[in-house]
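> Predicted structure and sequence below. I'll ask about it afterward.
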Amino acid sequence: MTTQEQYIERLKEMTATKFGRSVATTEDYGALSDAIFEEIGIRLDIPSIKHLYTHTSYAISPRPTTLSALAKFVGYTSWSDFCTARDILPAEDTEKIPVVRRWRVIIGFVIAAIALIVMLVVLLLPREEPMTEAEAMYRAVDDRFNGVLSTWAAITTEHCNDVRQYYDEQNMSNYHAHIIERNNAFATDLEASIGEDITRYAVEHNITVDNATIDNTAKAIATICNSMCDNLLYE
């Protein structure tokens with residue numbers, strides 16, 4: 001079992017402990033969804049919870065939004081925070097992330113957050129020069145959904161930090177192959193998931209929006225996220 005899989009298994013154990021019962025039936029999945037919503041205000045759909053608790057193989061990792069919601073449910077600020085905590089690994093874990101690498105993950109998250117803030121500030125400044133490709137992607141996002149953009153930028157940063165945990169300077173070809181495999185899994189249904197979040201965000205904030213705007217904004221945010229993932233190959 002990889003370190004990533006051990007983190008997920010530990011998260012499932014802590015979730016079930018806080019929930020107060022095992023998570024094994026459709027009734028359990030629905031009740032857990034309700035409990036998470038009451039605790040942190042985030043609604044996880046039953047298929048996502050069922051996938052997490054019924055699949056023992058993680059060839060396709062659970063959605064980052066699912067892991068982040070469960071991490072918040074058990075008392076952490078995010079999935080990344082859960083993974084960098086020292087007290088959550090199973091006792092049998094022999095592949096603990098070195099302290100230096102923990103700090104590298106934290107620093108990477110901070111740098112990504114600063115970069116996002118700087119990019120948003122730059123976009124707000126008046127300028128006459130032609131926009132770069134990155135600026136054009138951010139401009140393509142409807143301003144009313146910058147909250148969704150920030151959420152998915154954070155999710156993507158968590159994904160990138162998770163991939164960086166497997167860094168091996170002695171075998172870069174394997175590391176690059178790992179990046180490509182994980183990024184392809186992350187990109188699967190990414191635009192559709194973002195579109196669902198935009199639709200939900202619009203309802204929660206009483207925003208009137210047409211399908212074309214939802215599709216275009218979801219595509220722009222997905223492009224930004226995929227671009228962040230692709231940058232892993234050039235670090």
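Yep, it's here.

> what ranges do the strands span in this structure?
Counting by DSSP state E, the chain has no strands at all.

> quick one: least confident helix or strand in it?
Sorting the helices and strands of the chain by mean pLDDT, DSSP states H and E puts helix 99-124 at the bottom, at a mean of 68.

> now Ile194: how far from Ile207?
15 Å (Cβ to Cβ, to the nearest Å). In this view, the C-beta of every residue, glycine as well, is placed from N, C-alpha and C.

> try Cys83
Taking Cβ to Cβ, one finds Cys83 at 33 Å from Ile207.

> Who has more neighbours out of the two?
Neighbours were counted for Cys83 and for Ile207 using other Cβ atoms under 10 Å; Cys83 has more, 25 against 14.

> who touches Asp81 in this structure?
The contact partners of Asp81, by Cβ atoms under 8 Å, 6 or more residues apart in numbering, come to Ala71.

> So for the protein, the centremost residue is which one?
Geometric centre of the chain, nearest residue: Ile155, 2.7 Å, by Cα atoms, centre = their mean.

> Could you check the pLDDT of it?
Note for Ile155: predicted pLDDT of 90.

> With adjacent residues omitted, what lies nearest to it?
Pro64 (4.5 Å; Cβ to Cβ, 6 or more residues apart in numbering).

> Report how many residues lie close to that neighbour.
Neighbours of Pro64 using other Cβ under 10 Å come to 21.

> my read: it touches His159, true?
Yes - proximity of Pro64 to His159 meets the contact threshold set by Cβ atoms under 8 Å, at 5.7 Å.

> Many thanks, have a good one.
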